[in-house]
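>>> Could you work out the structure for the sequence below:
(one chain, ligands or ions: 1)
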Amino acid sequence: MSEVDLSGEKGWQPFDAPALVGSSLRFVSGDPEGDRFRVSYYRKPDSALVARIWFGPETEGPPEHAHGGSMAAVLDEVLGLAAWSAGYAIVVANLNINFRCLLPIMQVVQVDTEIVSVDGRKVLVRGKIWDGQEKVYTEADCLCIEIQAV
Ligand SMILES: CCCCCCCC(=O)SCCNC(=O)CCNC(=O)[C@H](O)C(C)(C)COP(=O)(O)OP(=O)(O)OC[C@H]1O[C@@H](n2cnc3c(N)ncnc32)[C@H](O)[C@@H]1OP(=O)(O)O
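Residues are numbered from 1 along each chain as shown. Got it, this is the predicted structure:
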(Lines give C-alpha, C1' and ligand atoms only; values in the text may rest on other atoms or scores of the structure.)
Protein backbone atom coordinates (compact mmCIF):
# COMPACT_ATOMS: atom_id res chain seq x y z
CA MET A 1 0.00 0.00 0.00
CA SER A 2 1.35 3.43 -0.82
CA GLU A 3 2.50 5.85 1.83
CA VAL A 4 -0.31 7.43 3.84
CA ASP A 5 0.19 10.95 5.17
CA LEU A 6 -1.34 11.20 8.65
CA SER A 7 0.56 14.30 9.68
CA GLY A 8 -1.20 16.93 11.75
CA GLU A 9 -1.58 20.66 11.46
CA LYS A 10 0.88 23.21 12.76
CA GLY A 11 0.44 23.52 16.52
CA TRP A 12 -0.99 20.04 17.04
CA GLN A 13 0.92 17.88 19.51
CA PRO A 14 1.26 14.14 18.82
CA PHE A 15 -0.74 12.17 21.39
CA ASP A 16 0.45 8.77 22.60
CA ALA A 17 -2.75 6.79 23.25
CA PRO A 18 -1.10 3.56 24.49
CA ALA A 19 0.90 5.57 27.03
CA LEU A 20 -2.39 6.72 28.54
CA VAL A 21 -4.69 3.70 28.22
CA GLY A 22 -2.34 0.79 27.57
CA SER A 23 -1.88 -1.31 24.47
CA SER A 24 -5.38 -2.84 24.33
CA LEU A 25 -6.70 -0.38 21.73
CA ARG A 26 -5.81 -2.63 18.82
CA PHE A 27 -9.10 -2.90 16.96
CA VAL A 28 -8.94 0.54 15.34
CA SER A 29 -5.46 1.95 15.92
CA GLY A 30 -3.38 -1.16 16.49
CA ASP A 31 -2.19 -1.88 12.96
CA PRO A 32 -0.45 1.24 11.62
CA GLU A 33 0.81 -0.53 8.49
CA GLY A 34 -2.37 -2.52 7.83
CA ASP A 35 -5.20 -2.36 5.31
CA ARG A 36 -7.95 -1.54 7.81
CA PHE A 37 -7.39 1.72 9.67
CA ARG A 38 -4.29 3.80 10.07
CA VAL A 39 -4.55 6.38 12.82
CA SER A 40 -2.55 9.24 14.26
CA TYR A 41 -3.72 11.08 17.35
CA TYR A 42 -2.99 14.69 18.26
CA ARG A 43 -4.00 17.32 20.74
CA LYS A 44 -5.05 20.70 19.44
CA PRO A 45 -3.83 23.85 21.18
CA ASP A 46 -7.09 23.91 23.20
CA SER A 47 -6.17 20.30 24.22
CA ALA A 48 -9.06 18.70 22.33
CA LEU A 49 -8.19 15.27 20.96
CA VAL A 50 -8.15 15.05 17.17
CA ALA A 51 -7.37 12.11 14.91
CA ARG A 52 -6.23 11.74 11.35
CA ILE A 53 -7.53 8.43 10.02
CA TRP A 54 -7.11 6.50 6.82
CA PHE A 55 -9.94 4.12 5.99
CA GLY A 56 -8.30 1.27 4.13
CA PRO A 57 -9.75 -1.30 1.72
CA GLU A 58 -10.79 -3.61 4.55
CA THR A 59 -13.24 -1.03 5.86
CA GLU A 60 -15.32 -1.21 2.69
CA GLY A 61 -19.10 -1.49 2.91
CA PRO A 62 -20.87 0.07 -0.07
CA PRO A 63 -18.54 -0.20 -3.10
CA GLU A 64 -15.55 2.11 -2.60
CA HIS A 65 -17.03 3.56 0.59
CA ALA A 66 -16.68 2.86 4.28
CA HIS A 67 -18.88 0.39 6.12
CA GLY A 68 -21.05 2.09 8.74
CA GLY A 69 -19.69 -0.25 11.38
CA SER A 70 -16.16 0.84 10.57
CA MET A 71 -17.14 4.45 11.19
CA ALA A 72 -18.88 3.42 14.42
CA ALA A 73 -15.73 1.62 15.59
CA VAL A 74 -13.64 4.71 14.87
CA LEU A 75 -16.05 6.98 16.73
CA ASP A 76 -16.25 4.59 19.68
CA GLU A 77 -12.48 4.62 20.06
CA VAL A 78 -11.78 8.26 19.30
CA LEU A 79 -14.61 9.76 21.36
CA GLY A 80 -13.94 7.39 24.26
CA LEU A 81 -10.29 8.26 24.10
CA ALA A 82 -11.17 11.96 24.06
CA ALA A 83 -12.80 11.49 27.46
CA TRP A 84 -9.76 9.57 28.76
CA SER A 85 -7.44 12.27 27.46
CA ALA A 86 -9.52 14.84 29.35
CA GLY A 87 -8.93 12.91 32.57
CA TYR A 88 -11.99 10.66 32.80
CA ALA A 89 -11.54 6.88 33.09
CA ILE A 90 -14.65 5.77 31.18
CA VAL A 91 -16.37 3.19 29.09
CA VAL A 92 -18.81 4.09 26.34
CA ALA A 93 -22.43 3.48 27.33
CA ASN A 94 -24.25 4.99 24.36
CA LEU A 95 -23.06 5.99 20.91
CA ASN A 96 -25.54 7.80 18.70
CA ILE A 97 -24.42 8.20 15.10
CA ASN A 98 -25.80 10.06 12.12
CA PHE A 99 -24.33 9.03 8.78
CA ARG A 100 -24.51 12.17 6.65
CA CYS A 101 -22.56 11.31 3.48
CA LEU A 102 -20.88 8.22 2.07
CA LEU A 103 -17.23 8.22 3.09
CA PRO A 104 -14.84 7.23 0.27
CA ILE A 105 -12.22 4.72 1.39
CA MET A 106 -8.48 5.01 0.75
CA GLN A 107 -8.33 8.61 1.87
CA VAL A 108 -7.33 10.38 5.06
CA VAL A 109 -10.09 12.06 7.04
CA GLN A 110 -10.22 13.79 10.39
CA VAL A 111 -12.11 13.13 13.61
CA ASP A 112 -12.70 16.14 15.82
CA THR A 113 -13.89 15.79 19.40
CA GLU A 114 -15.41 18.02 22.04
CA ILE A 115 -16.27 17.37 25.69
CA VAL A 116 -19.79 18.79 25.81
CA SER A 117 -20.72 18.20 29.44
CA VAL A 118 -19.79 16.38 32.63
CA ASP A 119 -22.60 15.42 35.00
CA GLY A 120 -21.46 13.22 37.85
CA ARG A 121 -20.08 10.06 36.20
CA LYS A 122 -21.63 10.94 32.80
CA VAL A 123 -19.31 12.54 30.26
CA LEU A 124 -20.87 13.57 26.96
CA VAL A 125 -18.46 13.76 24.04
CA ARG A 126 -19.43 14.99 20.59
CA GLY A 127 -17.50 14.29 17.44
CA LYS A 128 -17.51 14.16 13.70
CA ILE A 129 -15.68 12.47 10.89
CA TRP A 130 -15.06 15.06 8.22
CA ASP A 131 -12.61 16.12 5.56
CA GLY A 132 -11.16 18.85 7.79
CA GLN A 133 -12.48 21.52 5.47
CA GLU A 134 -16.26 21.47 5.18
CA LYS A 135 -17.61 18.07 4.25
CA VAL A 136 -19.04 16.14 7.21
CA TYR A 137 -19.42 12.38 6.74
CA THR A 138 -20.59 11.30 10.18
CA GLU A 139 -21.57 12.96 13.44
CA ALA A 140 -21.92 11.32 16.83
CA ASP A 141 -22.82 11.90 20.46
CA CYS A 142 -21.06 9.57 22.83
CA LEU A 143 -22.20 9.09 26.41
CA CYS A 144 -19.31 7.86 28.51
CA ILE A 145 -19.63 6.62 32.08
CA GLU A 146 -16.79 6.98 34.53
CA ILE A 147 -15.63 3.73 36.07
CA GLN A 148 -13.11 2.86 38.71
CA ALA A 149 -9.66 3.19 37.13
CA VAL A 150 -8.79 -0.13 35.49
C1 LIG B 1 -9.20 2.24 27.21
C2 LIG B 1 -9.71 3.45 26.31
C3 LIG B 1 -11.00 3.10 25.72
C4 LIG B 1 -11.59 4.18 24.89
C5 LIG B 1 -12.34 3.71 23.71
C6 LIG B 1 -13.08 2.40 23.87
C7 LIG B 1 -14.53 2.62 24.21
C8 LIG B 1 -15.21 1.32 24.28
O9 LIG B 1 -15.36 0.64 23.28
S10 LIG B 1 -15.73 0.79 25.80
C11 LIG B 1 -16.49 -0.78 25.36
C12 LIG B 1 -17.94 -0.61 25.02
N13 LIG B 1 -18.69 -0.27 26.19
C14 LIG B 1 -19.12 -1.23 27.03
O15 LIG B 1 -18.93 -2.41 26.84
C16 LIG B 1 -19.86 -0.73 28.25
C17 LIG B 1 -20.82 -1.81 28.82
N18 LIG B 1 -21.66 -1.18 29.84
C19 LIG B 1 -21.28 -1.13 31.14
O20 LIG B 1 -20.20 -1.61 31.53
C21 LIG B 1 -22.22 -0.45 32.12
O22 LIG B 1 -23.51 -0.39 31.57
C23 LIG B 1 -21.75 0.99 32.47
C24 LIG B 1 -20.40 0.94 33.21
C25 LIG B 1 -21.64 1.87 31.24
C26 LIG B 1 -22.79 1.66 33.38
O27 LIG B 1 -23.07 0.77 34.45
P28 LIG B 1 -23.05 1.28 35.96
O29 LIG B 1 -21.66 1.58 36.37
O30 LIG B 1 -23.80 0.25 36.74
O31 LIG B 1 -23.79 2.65 35.92
P32 LIG B 1 -25.34 2.99 36.07
O33 LIG B 1 -25.59 3.20 37.54
O34 LIG B 1 -26.19 2.01 35.33
O35 LIG B 1 -25.43 4.37 35.29
C36 LIG B 1 -24.76 5.55 35.75
C37 LIG B 1 -25.48 6.72 35.13
O38 LIG B 1 -25.30 6.64 33.69
C39 LIG B 1 -26.58 6.53 33.04
N40 LIG B 1 -26.46 5.57 31.93
C41 LIG B 1 -25.80 4.38 31.95
N42 LIG B 1 -25.89 3.79 30.74
C43 LIG B 1 -26.63 4.59 29.98
C44 LIG B 1 -27.07 4.54 28.62
N45 LIG B 1 -26.75 3.50 27.84
N46 LIG B 1 -27.82 5.56 28.14
C47 LIG B 1 -28.13 6.62 28.94
N48 LIG B 1 -27.72 6.74 30.24
C49 LIG B 1 -27.00 5.74 30.74
C50 LIG B 1 -27.55 6.03 34.13
O51 LIG B 1 -28.88 6.41 33.85
C52 LIG B 1 -26.98 6.72 35.36
O53 LIG B 1 -27.39 8.06 35.35
P54 LIG B 1 -27.72 8.86 36.74
O55 LIG B 1 -26.41 8.88 37.51
O56 LIG B 1 -28.16 10.21 36.29
O57 LIG B 1 -28.78 8.06 37.44
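
>>> In contact with the residue located most distally from the centre of the chain, which residues are there?
Of all residues in the chain, the one whose C-alpha sits farthest from the chain's mean C-alpha position, using CA atoms, centre = their mean, is residue 120 at 23.9 Å. Contact criterion CB atoms under 8 Å, 6 or more residues apart in numbering gives no residues in contact with residue 120. The C-beta positions use only the backbone N, C-alpha and C, and glycine is treated the same way.

>>> what's the closest non-adjacent residue to the residue in the chain that the ligand sits nearest to?
Proximity of the chain to the ligand (CB to the nearest ligand atom) peaks at residue 80, 2.8 Å away. Across the structure, with CB to CB, 6 or more residues apart in numbering as the measure, the residue nearest residue 80 apart from its sequence neighbours is residue 92 (4.9 Å).

>>> same question, residue 142
For residue 142, ignoring the flanking residues on the chain, the nearest one in space by CB to CB, 6+ apart is residue 79 at 3.8 Å.

>>> That neighbour is in contact with residue 123, isn't it?
No - between residue 79 and residue 123 there is no contact under CB atoms under 8 Å: 9.8 Å.

>>> residues from the protein in reach of the ligand?
With CB under 6 Å from any ligand atom as the criterion, the chain comes near the ligand at residues 21, 25, 76-77, 80-81, 84, 91-94, 120-122, 143, 145, 147.

>>> Select only the buried ones of the residues you listed in PyMOL?
A single PyMOL command selects the buried members of the residues of the chain next to the ligand (16 or more other CB atoms under 10 Å):
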select buried, resi 21+25+76+77+80+81+84+92+143
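
>>> From the centroid of the chain, which residue is nearest?
Among the residues of the chain, residue 78 comes closest to the average C-alpha position under CA atoms, centre = their mean, at 2.9 Å.

>>> Spell out the secondary structure type for that residue.
Here residue 78 is helix, with the state taken from DSSP: H, G, I helix; E, B strand; the rest coil.

>>> Just the pLDDT for it.
Note on residue 78: pLDDT of 98.

>>> Contacts only, for it.
Residues counted as contacts of residue 78 (CB under 8 Å, 6+ apart) are 28, 41, 49, 51, 53, 111, 113, 127.
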